[in-house]
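> generate coordinates for the sequence data below:
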Amino acid sequence: MNINAKPPATTISSRRFNQDRSAAKKLADNGPVIITDRGRPTHVLLTHEEYQRISSRPMTLLEALAQPGSDDDDFELDIPKFTGFSLKPAEFDIDD
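Purely as a prediction, here's the structure:
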């Protein structure tokens with residue numbers, strides 16, 4: 001188990017958000033709330049504290065690669081073999 005894992009985001013429709021903003025704010029206390037419009041994510045509601053946390057420092061590589069809600073911290077990465085390039089010494093034309 002990853003002790004730094006965040007709880008998965010909650011998703012609500014824009015209609016539900018408009019009908020009960022206070023419930024959406026309470027949900028945001030436990031993690032991000034994704035607001036959808038016609039089934040597509042359009043906005044994210046965060047607490048001010050969480051916003052300050054994520055905007056006050058650069059994102060780490062681990063955070064950038066993390067997938068919210070995933071219990072698996074491993075991922076596949078295929079790096080192609082580097083071929084077809086060789087280093088040659090620089091040639092200088094020095095005329096006296």
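> count of neighbours near Thr11?
Close neighbours of Thr11, defined as other CB atoms under 10 Å, add up to 14. Yep, even glycine has a C-beta here, placed from its N, CA and C like the rest.
> swap that for Pro89, please
Around Pro89 there are 5 residues (other CB under 10 Å).
> could you do Asp37 as well?
Counted with other CB under 10 Å, Asp37 comes out at 12.
> just the pLDDT for it.
At Asp37, the predicted lDDT confidence score is 95.
> which residues touch the closest residue to Val33 other than its chain neighbours?
Of all residues not flanking Val33 in the chain, Leu45 sits nearest, at 4.1 Å (CB to CB, 6 or more residues apart in numbering). Neighbour list for Leu45: 17, 24-25, 27-28, 32-33, 35 [criterion: CB atoms under 8 Å, 6 or more residues apart in numbering].
> any chance you could map the strands in the chain?
With DSSP state E, the ranges of strands along the chain come out as 10-13, 33-37, 40-45.
> list the buried residues in stretch 43-62.
For stretch 43-62, the neighbour count (16 or more other CB atoms under 10 Å) marks 45-46, 50 as buried.
> likewise stretch 14-34?
By neighbour count on 16+ other CB under 10 Å, the buried set for stretch 14-34 is 17, 24, 27-28, 31-34.
> just checking, which of the residues you listed comes out lowest on pLDDT?
Gly31 (91).
> if I look at that one, how far off is Ala9?
From Gly31 across to Ala9, the span is 6 Å (CB to CB, to the nearest Å).
> now swap in Arg16 and tell me
15 Å.
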